[in-house]
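Q: Based on what follows, work out the 3D shape:
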Amino acid sequence: MRVNAVGGGSTERTGDPNIIAAMTLSVSLTIAGVAVALTLLFGWLGARPVKPLSAPRLVPWRFMMMIAFVAVIAMLVHAVALVRAGG
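A: Model prediction:
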């Protein structure tokens, strides 16, 4: 079984269970879609008004939103590289 590598080449699968197949375009776009959904969710959670009489928010929603957004950018860059490489 041949697996496409990111650089456009291919590698032989040797049957080693530790080898993971390369990410395809559909996997990259699926991860990007999930990261977009998480970005929107975390942005909404971080933009809620503060309730001073309730317990403090212990989750840094805006920071998590930025991490999810970086994942979106990384997956889109990876998808563009796959399209340009013909994969």
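
Q: quick one: the strands in this structure?
A: Assigned by DSSP state E, the strands in the chain fall at 2-4, 10-12.

Q: got a list of what residue 75 touches?
A: Counting by Cβ atoms under 8 Å, 6 or more residues apart in numbering, residue 75 touches 28-29, 31-32, 35. (C-beta placed from N, C-alpha, C; glycine too.)

Q: Closest one to residue 45 out of those, please.
A: Relative to residue 45, the closest of those is residue 35; by Cβ to Cβ it sits at 15.4 Å.

Q: right, and the closest one touches residue 76 too?
A: No: with contacts counted by Cβ atoms under 8 Å, residue 35 stays clear of residue 76, the gap being 9.3 Å.

Q: higher neighbour count, the two?
A: Applying other Cβ atoms under 10 Å to residue 35 and residue 76 shows that residue 35 carries more neighbours, namely 20 against 15.

Q: And the more buried one, how far from residue 49?
A: Applying Cβ to Cβ, to the nearest Å, the value for residue 35 to residue 49 is 26 Å.
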